[in-house]
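K.L.:
okay, here's the prediction I keep looking at, along with the sequence it came from:
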Amino acid sequence: MKTCIFEVHLLGGRNISRTIELPEGFSLYRLAEAVIGAFGFDFDHAFGFFDSDQGTGHIFTAERKYDLFTDMIAEGQDIEPTGAGSVRKTMVMEVWREPGDRMVMLFDYGDDWRFNIVLKAWGMQDKKRKYPVILEKTGRAPKQYA
């Protein structure tokens, strides 16, 4: 099975990034968990992925979007539908098809943490390796709760 090697930049004028490798068959939920863990944050808020212009403008109007709220509605919670796809049922390989493809991940709709996630390359899965793997860290991540 192939792996995806992602470069993930924390948006907001800081030079903070992580390079993460994980199998292409991981769900967007597991990708989000890997991204948040790579920056040392607690995975304790709603999130979504948006096809956007690197996090500027109105990402909620993006044509392609996936969010946790869609899954929460499917689980019976009374939430207004967003028109987004599922993060639990959508696999990474369905969203990122070619190196250079990008999405913006919004984590914590209150604090508005945004990450630009770019597919840099494909790799081959190593059965001895536990995924996800952080391949590289640049910059020090800020505190999630200041």
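P.N.:
Nice, thanks for sending it over.
K.L.:
hmm, P132 is touching T19, no?
P.N.:
No. Checked against Cβ atoms under 8 Å, the pair P132 and T19 is beyond contact range at 10.7 Å. The C-beta positions use only the backbone N, C-alpha and C, and glycine is treated the same way.
K.L.:
list the buried ones in the lengthiest strand in the chain?
P.N.:
Using DSSP state E to define each element, the chain has its longest strand at strand 113-124. Within strand 113-124, the residues scored as buried using 16 or more other Cβ atoms under 10 Å are W113, R114, F115, N116, I117, V118, L119, K120, G123.
K.L.:
need the pLDDT of T56.
P.N.:
The per-residue pLDDT reported for T56 equals 52.
K.L.:
which elements pack onto the lengthiest helix in the chain?
P.N.:
Looking across the chain with DSSP state H, the single longest helix is helix 28-38. Counting contacts by 3 or more Cβ pairs under 8 Å, 6 or more residues apart in numbering; DSSP states H and E, helix 28-38 packs against strand 2-10, strand 17-23, strand 47-50, helix 92-95, strand 102-107, strand 113-124.
K.L.:
at 6 Å what do you get?
P.N.:
Applying 3 or more Cβ pairs under 6 Å, 6 or more residues apart in numbering; DSSP states H and E, one finds that helix 28-38 contacts strand 17-23.
K.L.:
quick one on the thing from earlier: give me the contact list for the longest helix of the chain.
P.N.:
8, 18, 20, 22, 43, 47, 49, 66, 87-88, 90, 92, 115, 132, 134 (Cβ atoms under 6 Å, 6 or more residues apart in numbering).
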